[in-house]
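Visitor: Pasting a predicted model and its sequence here:
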Amino acid sequence: MVLAALPGSAMAAIVQTEPAPGADAPAPVAASAAAASSAPAIALNQIGFLPSASKRATVPAGTAIRFAVVELGTGRVALTGPLGPAAMWPPAGLAVRIADFSAITTPGRYVLRVAGLADSAPFRIGDGAYDALTAAAIRAFYFNRSGIALTPALADVHARAAGHPDTRVLIHASAAGPKRRAGDVIASPKGWYDAGDYNKYIVNSGISVYTLLAAYEQAPARWRALRVGLPESGNGLPDLLNEALWNLDWMLTMQDPDDGGVYHKLTSPRFDGTVMPDVASAAGTRVVVQKSTAAALDFAAVMAVGSRVFRDFEAQRPGLSARMLKAARSAWDWARAHPDAIYRQPPDIHTGEYGDDTLDDEFAWAAAELYITTREDAFLTALRPARTAMTVPSWNDVRGLAWMSLATHRHDLTPAADPALIERRVLALADQLLAKSARSSWGVALAVPDFGWGSNGTVLNEAMVLLQADRLAPGADRPYRRAAQDLLDYVLGRNPLGMSMVTGFGAHSPRHPHHRPSEAGRAGAPVPGFVVGGPNAGRQDVAGCPVPYPSTLPALSYLDHFCSYASNEVAINWNAPLVYVAWALGEE
């Protein structure tokens, strides 16, 4: 399958899955206040569905008790059905009903119609419903690459000069050691900008790269067929791995070769202004800051995964698999010798901290990946399976990643492993998410406490857990997959904002994400394929925004404005599960 992004109209065909303004779909809105007032009352996935997928929408509770699915173009009524019972959804303060139109499987383009309401945004039913979304979500990482120019041939209107080559990076005083002293210069090129800023962080890179590699491990044949339009496309490696390698190559430079420790981050002393990367990189010094236990363990885990993935590509990258495993062991040994090297922000550094005082989960994850890769039971013992819970993954709680990997490889472990325990851990958490979804009048596993920083990332990681459970226990009606579909639907428009939360996708999508290249560039539209953080009841940026949030209700606390780093920033650790979930749900 080739989904290479090309200049002009060819690229637009990939990143825009709904009609251009003036066709069937209304123009995207520019601010969340406008979005709240103009968003369609019928909330559904604005991208579409596979024919066999569960298909549901959420509508305001009113006098109507039935819905219809209408074919675009012909006006033919393809399906009618009853709306579910009315119930209040506290996160948005709305009384709603559910329309289940899963029975319609005929490919085509449709709208949902309910008496007294405007028609829904258009959606498509058909094979390959998420192919373009998956390709764009991978390419979003390409658009966030450090140290490379994005050419018009591949980036079209988002072409830009290279920024932050990072070939002359200083050792910060906090990172100094016997052989690398403060002020010494090292080279640490490549890598992804972490989010809307221009810095690179090992901790957040860990979960992000892992999620891409885990997606590959679970369906290698399918990923080998996908080309999305990268500079390396056609080099014998799957494009998913080509993109992951841009960051893995950088991560390897962040390990001190003298002792195995790993620097926590590579950063400018403070956040750059709203300028393009080449302007920012010309303005100041870059430093690597403090070795930390969290960084070493996340590095060890990812390199262990990378070692087993790249065993099959020795011809393309000779020696890489062995180098990664050696680096993983060295980082593990350093972490064992420095179990409490907690990252503390130096007073002269004012960028993202990714501080984490609890490291049991990082030790468990690194041990699990090294065990799977080496089959050495000592690592399984270090994992402490009986004491390690399964949780929804996040950058500061990676226990769930250990169990996901163990579940994927459960048939290839040593006799010391307990496959039944592995399955119980994953299914127990998935069952909790199923129960949570069943209690929700919106029909998604979301409640008031879930609307914190990066709520859309939480949604997608929950879906990833459910999809892992579906692989373990698909069941007759695939309840885990249906619940995962509901969560992807939420991100793609079935939310009370009536917005697809992915730039460039859907009838209504973010126009002003907190992403410097999108805001400082001259394209007139954001870089496509990024999922924004989403509603955040904390609204930590409210004092600095020139426009107000439209609501204080948790599920409506979103602002489509560049000022809103708390609700509208992009980040690699949110885009990685978007890749995973869109690809997994794009397979029949």
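Guide: Thanks, I have the structure now. Numbers count the residues shown, from 1 in each chain.
Visitor: C-alpha only now, for contacts and for neighbours.
Guide: Noted.
Visitor: residue ranges with poor pLDDT in the stretch 151-300 of the chain?
Guide: By pLDDT under 70, the stretch 151-300 of the chain contains no weakly predicted segment.
Visitor: ok, so what distance separates Glu588 from Ala129?
Guide: Distance from Glu588 to Ala129, counting by Cα to Cα, to the nearest Å: 11 Å.
Visitor: Neighbour count: the two, which is higher?
Guide: Ala129 (22 against 10; other Cα atoms under 10 Å).
Visitor: Show the backbone phi and psi for the more buried one.
Guide: Main-chain torsions, Ala129, degrees, to the nearest 10: phi -60, psi -30.
Visitor: Kindly provide the distance from it to Pro107.
Guide: Distance, Ala129 to Pro107, using Cα to Cα: 10 Å.
Visitor: Do a quick rundown of the helices in the stretch 351-500 of the chain.
Guide: For the stretch 351-500 of the chain, applying DSSP state H, counting those that start in this stretch gives helices covering 360-374, 377-383, 399-408, 419-439, 455-472, 479-491.
Visitor: what about the ones you listed, which gets the closest to Tyr198?
Guide: Nearest to Tyr198, of all those, is helix 455-472, at 20.1 Å by Cα to Cα.
Visitor: just checking, what packs against that closest one?
Guide: Applying 3 or more Cα pairs under 8 Å, 6 or more residues apart in numbering; DSSP states H and E, one finds that helix 455-472 contacts helix 399-408, helix 419-439, helix 479-491, helix 572-585.
Visitor: sorry, back to before: I'd like to know which of the helices of the stretch 351-500 of the chain lies nearest to Asp197.
Guide: Taking the helices of the stretch 351-500 of the chain one by one with Cα to Cα, helix 455-472 is closest: 17.8 Å.
Visitor: What lies in contact with that closest one?
Guide: Applying Cα atoms under 8 Å, 6 or more residues apart in numbering, the contact partners of helix 455-472 are 392-394, 404, 407, 423, 426-427, 429-430, 433, 445-446, 450, 478-481, 483-485, 487-488, 491, 531-536, 573-575, 577-578, 580-581, 584.
Visitor: Just the buried subset of those residues, please.
Guide: Among the contacts of helix 455-472, those classed as buried by 16 or more other Cα atoms under 10 Å are 392-394, 404, 407, 423, 426-427, 429-430, 433, 445-446, 450, 479-481, 483-485, 487-488, 491, 531-536, 573-575, 577-578, 580-581, 584.
Visitor: picking up where we left off before, adding distance to Phe313 and mean pLDDT, write the helices and strands packed on helix 455-472 out as JSON lines.
Guide: Listed next are these as JSON lines, based on distance: least, Cα to Cα, whole Å; pLDDT from 0 to 100:
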{"stretch": "helix 399-408", "distance to Phe313": "20", "mean pLDDT": "98"}
{"stretch": "helix 419-439", "distance to Phe313": "29", "mean pLDDT": "98"}
{"stretch": "helix 479-491", "distance to Phe313": "32", "mean pLDDT": "98"}
{"stretch": "helix 572-585", "distance to Phe313": "22", "mean pLDDT": "98"}
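Visitor: So for Ala136, which of the ones you listed sits nearest?
Guide: Closest approach to Ala136 among those (Cα to Cα): helix 572-585, 8.8 Å.
Visitor: Stretch 386-406: end-to-end distance?
Guide: 14 Å.
Visitor: which residues are contacting it?
Guide: Outside of stretch 386-406, the residues within contact range by Cα under 8 Å, 6+ apart are 203-204, 206-207, 214, 354, 356, 361-362, 364-366, 368-369, 372, 422, 425-426, 429, 458, 461-462, 465, 468, 573.
Visitor: Now do the strands in the stretch 151-300 of the chain.
Guide: For the stretch 151-300 of the chain, strands defined by DSSP state E, counting those that start in this stretch occupy the ranges 169-171, 185-186, 200-201, 263-267, 287-291.
Visitor: looking at those, which is closest to Ala61?
Guide: strand 200-201 (45.2 Å).
Visitor: need the contact list for His158.
Guide: Here His158 is in contact with 150, 152, 521-523, 527 (Cα under 8 Å, 6+ apart).
Visitor: cool, and Val77?
Guide: Val77 touches 68-71, counting by Cα under 8 Å, 6+ apart.
Visitor: same check, this time on Thr373
Guide: Counting by Cα under 8 Å, 6+ apart, Thr373 touches 304-305, 307-308.
Visitor: Taking these, tell me the two that lie furthest apart.
Guide: Across the contacts of Thr373, the longest distance by Cα to Cα is 6.7 Å; it joins Ala304 and Arg308.
Visitor: from memory Ser146 sits against Asp194, does it?
Guide: No - Ser146 is beyond contact range of Asp194, at 9.8 Å (criterion: Cα atoms under 8 Å).
Visitor: Could you export the helices and strands packed on helix 455-472 as JSON lines, including distance to Asp258?
Guide: Formatted as JSON lines, the helices and strands packed on helix 455-472 follow (distance: least, Cα to Cα, whole Å):
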{"stretch": "helix 399-408", "distance to Asp258": "28"}
{"stretch": "helix 419-439", "distance to Asp258": "37"}
{"stretch": "helix 479-491", "distance to Asp258": "45"}
{"stretch": "helix 572-585", "distance to Asp258": "30"}
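Visitor: Which of those helices sits closest to Ala43?
Guide: Ala43 lies closest, by Cα to Cα, to one member of these: helix 479-491, at 8.5 Å.
Visitor: That closest one: what's the following helix or strand?
Guide: On the C-terminal side of helix 479-491, the closest following helix or strand by DSSP states H and E is helix 516-520.
Visitor: mean confidence score for that next one?
Guide: Helix 516-520 shows an average pLDDT of 97 in the prediction.
Visitor: Over to stretch 101-113?
Guide: The average pLDDT within stretch 101-113 is 98.
Visitor: Pull out the buried positions in it.
Guide: By 16+ other Cα under 10 Å, the buried positions in stretch 101-113 come out as 101, 104-105, 109-113.
Visitor: tell me the two of those that are most distant?
Guide: Most distant of these, by Cα to Cα, are Thr105 and Arg113, 17.3 Å apart.
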